[in-house]
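Asker: kindly generate the corresponding structure for this input.
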Amino acid sequence: MSLTSTPVIVPADRLREIVRTIFSAAGSSEREAGLVADHLVGANLRGHDSHGVSMIPAYVANALDGSLVLNQALSVAFDSGALIICDGGVGIGQVMAHDAIEAGIERAAGTGACIVGLRNSHHIGRIGHWAEQCAAAGLVSIHFVNVVSTPAVAPFGGTKARVGTNPFAVGIPRTDMPPVVVDFATSRLAAGKVHVAFNQGVSIPEGALLDADGHPTTDPSALFSDPPGALLPFGEHKGWGLSVACELLGAALIGGKTQSGPKQGNAIVNSMLSILVSPDRLGTRANLDDETNAFVSWVRSEADRASQILMPGDPERETKRWREANGIPIDARTWQEIEAAAESVGVPRLA
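Answerer: Numbering: from 1, shown residues only. This next block holds a predicted model:
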């Protein structure tokens with residue numbers, strides 16, 4: 001099979017089973033393997049293949065070399081009631097973030113608001129997942145995240161990678177309606193999306209990537225060359241400013257490490273500052289619903305284009321409906337990498 005041939009199509013339930021099997025074989029508990037499977041496959045279902053099962057090879061490799069600690073227990077470093085700082089101990093991020101956010105949800109439900117710091121976690125995946133977790137509990141949430149790994153993004157005005165893709169997310173619940181979920185990297189493309197394009201053998205959009213000499217390119221391999229190229233911030237100085245805020249608030253404020261030099265190891269380390277607010281405790285739930293609905297109706301009121309005007313989260317829900325019905329496409333190269341990762345922990349070749 002060539003690396004650019006027809007993708008493998010896998011039903012979501014089967015893909016979850018595969019992920020659980022791989023991580024169980026690697027040493028994860030049943031709960032950990034299940035949370036990882038739900039998160040990764042959930043990202044694929046929503047069209048974010050960069051944060052889905054394509055992460056399995058990196059996670060397994062890091063678990064095998066000890067830079068990712070399986071079955072780690074989240075520890076609480078500071079707790080003053082409405083302010084919690086947790087340390088992930090480079091445990092698997094899909095568990096560390098889930099448990100930290102659950103702690104914040106419980107506190108915010110009681111006090112009206114909670115600030116949750118999660119530091120030193122292995123890769124926590126798609127940040128919109130955590131905004132959705134809060135929205136499902138009826139909470140508004142804001143999330144600032146930094147990345148300590150291989151620098152991938154140049155600062156505004158620069159040409160060399162110095163920081164990670166530093167994502168930002170907001171979740172806004174709506175009664176009896178899907179939530180508004182804003183979730184994006186502060187680079188023009190997430191590094192994982194460039195990797196997916198590389199595996200698929202396709203070009204990336206113009207204006208997102210520089211090669212090692214600082215020249216614009218649409219060749220995704222430039223990001224992974226030696227020496228590597230660099231992604232650019234979205235929105236020029238605006239995206240760069242938000243990236244700086246994610247770096248310093250997401251990590252430095254809560255005792256985490258910033259990306260202050262070249263990659264030091266194989267781990268992909270995230271820290272995240274999350275602000276959770278209960279509209280019910282504020283007494284503004286009805287107003288939030290009414291004004292959100294009025295706002296959405298207004299922005300979609302251009303009748304001949306209403307169906308083309310999307311709210312944040314709409315594309316993910318549409319993709320999820322399609323992929324639940326038709327299966328999840330995985331490019332051939334990524335599937336081969338997943339098979340190799342499975343074999344490295346003793347799982348026979350995947351069907």
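Asker: could you chop the chain up by domain?
Answerer: Domain assignment for the chain, taken from the TED database, gives 1-69+313-350, 72-187+236-281, 188-232.
Asker: tabulate these (CSV), appending mean neighbour count.
Answerer: Heads up, the C-betas are built off the backbone N, CA and C, glycines and all. As requested, the domains of the chain are exported to CSV (neighbours: other C-beta atoms under 10 Å):
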stretch, mean neighbour count
domain 1-69+313-350, 18
domain 72-187+236-281, 21
domain 188-232, 18
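Asker: next, format those as a markdown table and append distance to residue 287 and mean pLDDT.
Answerer: Formatted as a markdown table, the domains of the chain follow (distance: least, C-beta to C-beta, whole Å; pLDDT from 0 to 100):
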| stretch | distance to residue 287 | mean pLDDT |
| --- | --- | --- |
| domain 1-69+313-350 | 21 | 94 |
| domain 72-187+236-281 | 8 | 97 |
| domain 188-232 | 34 | 93 |
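Asker: for the residue nearest to the spatial centre of the chain, helix, strand, or coil?
Answerer: Taking C-alpha atoms, centre = their mean, the centroid of the chain lies closest to residue 126, which sits 1.9 Å from it. Following DSSP: H, G, I helix; E, B strand; the rest coil, residue 126 is assigned to coil.
Asker: for it, give me its contacts.
Answerer: 39, 42-43, 46, 48, 51, 183 (C-beta atoms under 8 Å, 6 or more residues apart in numbering).
Asker: switch the cut-off to 6 Å
Answerer: 43, 48, 51 (C-beta atoms under 6 Å, 6 or more residues apart in numbering).
Asker: mind checking which of those residues are in helices?
Answerer: Among the contacts of residue 126, DSSP state H puts residue 43 in helices.
Asker: for residue 290, what are phi and psi?
Answerer: Listed backbone geometry of residue 290 is phi -60, psi -50, with angles given as degrees, to the nearest 10.
Asker: residue 283 too?
Answerer: In terms of degrees, to the nearest 10, the main-chain angles of residue 283 are phi 80, psi 20.
Asker: in contact with it, which residues are there?
Answerer: Counted by C-beta under 6 Å, 6+ apart, residue 283 has zero contacts.
Asker: and the pLDDT at it?
Answerer: Listed pLDDT for residue 283 reads 96.
Asker: residue boundaries of the strands in the stretch 51-200 of the chain?
Answerer: For the stretch 51-200 of the chain, the strands defined by DSSP state E, counting those that start in this stretch cover 75-79, 83-87, 113-122, 140-148, 168-174, 177-184.
Asker: for the stretch 1-150 of the chain, just list every one of the helices.
Answerer: Assigned by DSSP state H, counting those that start in this stretch, the helices in the stretch 1-150 of the chain fall at 12-26, 30-45, 56-65, 93-111, 128-136.
Asker: and those: which comes nearest residue 77?
Answerer: Closest approach to residue 77 among the helices of the stretch 1-150 of the chain (C-beta to C-beta): helix 93-111, 11.1 Å.
Asker: tell me how far residue 240 lies from residue 157.
Answerer: 8 Å (C-beta to C-beta, to the nearest Å).
Asker: thinking again about what came up before, in JSON lines, list the contacts of residue 126 along with distance to residue 204.
Answerer: Formatted as JSON lines, the contacts of residue 126 follow (distance: C-beta to C-beta, whole Å):
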{"residue": "43", "distance to residue 204": "19"}
{"residue": "48", "distance to residue 204": "16"}
{"residue": "51", "distance to residue 204": "17"}
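Asker: just the contacts of residue 126 now: which is nearest residue 96?
Answerer: Using C-beta to C-beta, the contacts of residue 126 come closest to residue 96 at residue 51, 15.6 Å.
Asker: adding distance to residue 294, write the domains of the chain out as a markdown table.
Answerer: Below are the domains of the chain laid out as a markdown table (distance: least, C-beta to C-beta, whole Å):
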| stretch | distance to residue 294 |
| --- | --- |
| domain 1-69+313-350 | 18 |
| domain 72-187+236-281 | 12 |
| domain 188-232 | 32 |
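Asker: relative to residue 293, which of these is closest?
Answerer: When these are compared by C-beta to C-beta, domain 72-187+236-281 sits nearest residue 293, at 7.5 Å.
Asker: got the end-to-end distance for that closest one?
Answerer: Domain 72-187+236-281 has an end-to-end distance of 33 Å (criterion: C-alpha to C-alpha, to the nearest Å).
Asker: relative to the whole chain's centre, how far out is it?
Answerer: In terms of C-alpha atoms, centre = their mean, to the nearest Å, the centre of domain 72-187+236-281 is set 9 Å apart from its chain centre.
Asker: could you do stretch 58-74 as well?
Answerer: With C-alpha atoms, centre = their mean, you get 18 Å for stretch 58-74.
Asker: which residues touch residue 153?
Answerer: Residues near residue 153 by C-beta under 6 Å, 6+ apart: 161, 163, 165, 187, 231.
Asker: nearest to residue 35 among those?
Answerer: Looking across the contacts of residue 153 and measuring by C-beta to C-beta, the closest to residue 35 is residue 165, at 22.8 Å.
Asker: let me see the contact set for that closest one.
Answerer: Neighbour list for residue 165: 152-153, 185, 187, 190-191 [criterion: C-beta under 6 Å, 6+ apart].
Asker: can you check residue 263 too?
Answerer: With C-beta under 6 Å, 6+ apart, residue 263 has these contacts: 149-150.
Asker: ditto for residue 239
Answerer: Shown in contact with residue 239 (C-beta under 6 Å, 6+ apart): 186, 233.
Asker: just to revisit the earlier point, want to try TSV for the contacts of residue 153, with distance to residue 220 as columns?
Answerer: What follows is those, written out as TSV (distance: C-beta to C-beta, whole Å):
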residue	distance to residue 220
161	14
163	19
165	14
187	13
231	10
